[in-house]
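Q: The following block contains a protein sequence and its predicted model.
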Amino acid sequence: MLIDSHVNLHGEKFADDLPEVITRAKAAGVKGMLNICCNIKDYEATVNVAKLSEAIWASVGTHPHDAKENPNITAQQLVDLALHPKIIGIGETGLDFHYGYSSEAEQRFNFQAHIEAARELQIPLIIHTREADDLMRKILDREMSKGTFPALLHCYTSGLELAKDAIDMGLYFSVSGIVTFKNAHDVRSIIEIMPDERIMIETDCPYLAPVPHRGRRNEPAYVHEVCQGLAEVKGWTYEEAAQHTTNAFFNLFQKADRGLLWD
């Protein structure tokens, strides 16, 4: 039983064959998935994908790259949108200083609104962080001291110190196809210390296709290879990795109904 905890199926890269993509995922053992909103303007499209099946859920949020497009976003806006029964998480949100598509000030303002919404609703905050370790640590430490909220560091590729702090704060982690990349030694070394009960898997499709699919469009069926890669790093059997990651998903995303999974 596999859950793909982070997919992006509402974009143009899946416009022509989405039903077939979902069929292939089911055939590969995927029992459910979470479709991620990366910009508020895509909220309706994100939810519409989730409406295709009871075993597909959605989130609401704006990626740090697109923070400049939602300069006045409020926690209340996010809360109102998150009341939809298909919405089980807030995000993807966070900090990304690699490309500088949005300024630090815009990203911080955007991130703060998402944090406040997650705290109010007590549903998971889905965090993207890249080249922002020190600031992310400071913000999470400060905000958790105001009142805790469930959170997930998705597709974790950041440093050891942030990982250790996140572990201490009770955050969850998700592992992507990067775990299978030949030179991703640092990523695998951090996965080794992640708490067994707080790890889940994702494809982040259409990006980051795992080996042996690198260079192709990623899709949920390939979460099978992510699970295998995680099992090898953790010293688990494939079945143990599938069980750990599925349990972690439902322990974190408590609005998701396990009884709705595909047979």
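A: Perfect, I can see it now.

Q: can you map out the helices along this structure?
A: 18-27, 43-50, 75-82, 104-121, 133-146, 160-168, 185-191, 223-234, 238-252 (DSSP state H).

Q: Now residue 192. Nearest residue, chain neighbours left out?
A: Sequence neighbours aside, residue 233 is the residue nearest to residue 192 in space, at 6.2 Å (criterion: C-beta to C-beta, 6 or more residues apart in numbering). Heads up, the C-betas are built off the backbone N, CA and C, glycines and all.

Q: list the helices and strands the longest strand along the chain packs on?
A: If you go by DSSP state E, the chain has its longest strand at strand 87-96. Counting by 3 or more C-beta pairs under 8 Å, 6 or more residues apart in numbering; DSSP states H and E, the packing neighbours recorded for strand 87-96 are strand 56-60, helix 75-82, helix 104-121, strand 125-130, helix 133-146.

Q: What pairs with it, parallel or antiparallel?
A: strand 56-60 (parallel), strand 125-130 (parallel) (DSSP bridges).

Q: could you give the mean pLDDT of it?
A: Taken as a whole, strand 87-96 has an average pLDDT of 98.

Q: Repeat that for stretch 24-32.
A: Rounded mean pLDDT across stretch 24-32 is 98.

Q: Name the residues of that stretch that come out as buried.
A: Under the neighbour-count criterion of 16 or more other C-beta atoms under 10 Å, stretch 24-32 has 25-26, 28, 30-32 buried.

Q: cool, stretch 145-155 as well?
A: Neighbour-count burial for stretch 145-155 [16+ other C-beta under 10 Å]: 149-155.

Q: ok, and what's touching that stretch?
A: 5-6, 89, 91-92, 115, 118-119, 122-129, 140, 143, 163, 166, 169-176, 178, 200, 202, 204, 208, 252 (C-beta atoms under 8 Å, 6 or more residues apart in numbering).

Q: starting at the chain centroid, how far to it?
A: Relative to its chain's centre, stretch 145-155 lies at 12 Å (C-alpha atoms, centre = their mean, to the nearest Å).

Q: Perfect, I'm done here.
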